[in-house]
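Asks: The following comprises the amino acid sequence and a computationally predicted model.
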Amino acid sequence: MAPVKARAGGCAVSRHDWSRIAAGLVAGLALLAGAAAGADELRIPVNVLVTYLSNDGSGVDASARRLDEKLRGQFKYDSLQVLEQRRVELEIDGVGEVALPNGRKARMSAISSSDSGVLMAVDVEGAAKMDARVQNHHLLVIRAGRYKDGDLVLSLEPDYR
């Protein structure tokens, strides 16, 4: 097709060029929409449980039975009390923080995510520092230091897809 003439000082644009420009705009908008949707995929929900292990004879909180099964044989205790339970949304390379009752802070970061789990960096001030790959719905359990007459234990459970 012949170009459509523009006024003086302008440029000539054919109908074919206009359709290419429109197609480019549509593709650009689709990329932006995909990036916005992909932003949710970069957030990793993590269930955080802060518990107190002791020998005070008070038993095991019902909400911590799964953790109790994992800890039996690793720690010596007869009481497991849930002090805090929350859900943290970690962005890839972002940092989440939990203040612990013993005055320390636990910081966690999702480094990457794949079918084999979430690679996380965890730092509990004065107690533990580690990188670990944690599968979805599996527990990463970390001793977070002394508290009262027992120990604090932090458990992290990725909960995505």
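Replies: Great, that's in hand.

Asks: what residue ranges in this structure score low on pLDDT?
Replies: Residue ranges of the chain with pLDDT under 70: 1-41.

Asks: Please, where are all the helices along the protein?
Replies: Secondary structure of the chain (DSSP state H): helices at 15-41, 65-71.

Asks: Would you indicate which residues of stretch 133-142 are buried?
Replies: The neighbour-count check on stretch 133-142 (16 or more other Cβ atoms under 10 Å) flags 133-134, 139-142 as buried. Glycine gets a C-beta too; all of them are placed from N, C-alpha and C.

Asks: Tell me the one among those nearest to residue 158.
Replies: Checking the buried residues of stretch 133-142 against residue 158 with Cβ to Cβ, the nearest one is residue 134 at 5.4 Å.

Asks: Now that closest one: closest residue in space that isn't a chain neighbour?
Replies: Residue nearest to residue 134 in three dimensions, not counting chain neighbours: residue 140, with 4.6 Å by Cβ to Cβ, 6 or more residues apart in numbering.

Asks: Kindly provide the distance from the one you found to residue 96.
Replies: Going from residue 140 to residue 96 by Cβ to Cβ, to the nearest Å gives 13 Å.

Asks: Residue 55 too?
Replies: Note on residue 55: its distance to residue 96, by Cβ to Cβ, is 31 Å.

Asks: of those two, who's got more company?
Replies: Neighbours were counted for residue 55 and for residue 96 using other Cβ atoms under 10 Å; residue 96 has more, 20 against 11.

Asks: contacting residues around stretch 93-106?
Replies: Stretch 93-106 has contacts (Cβ atoms under 8 Å, 6 or more residues apart in numbering) with 46, 48, 50, 52, 83-84, 86, 88-90, 107-111, 122-127, 142, 144-147, 152, 154.

Asks: now that stretch, how far from the centre of its chain.
Replies: Counting by Cα atoms, centre = their mean, to the nearest Å, stretch 93-106 is centred 14 Å from the centre of its parent chain.

Asks: now do stretch 100-114
Replies: On Cα atoms, centre = their mean, the centre of stretch 100-114 falls 10 Å from that of its chain.

Asks: Next, count neighbours for the nearest residue to residue 47 once chain neighbours are set aside.
Replies: Distance criterion Cβ to Cβ, 6+ apart; nearest residue to residue 47, sequence neighbours excluded, is residue 157 at 4.3 Å. When neighbours are defined as other Cβ under 10 Å, residue 157 has 20 of them.

Asks: surely residue 157 meets residue 44?
Replies: No. Look at residue 157 against residue 44 with Cβ atoms under 8 Å: they stay out of range, at 10.9 Å.
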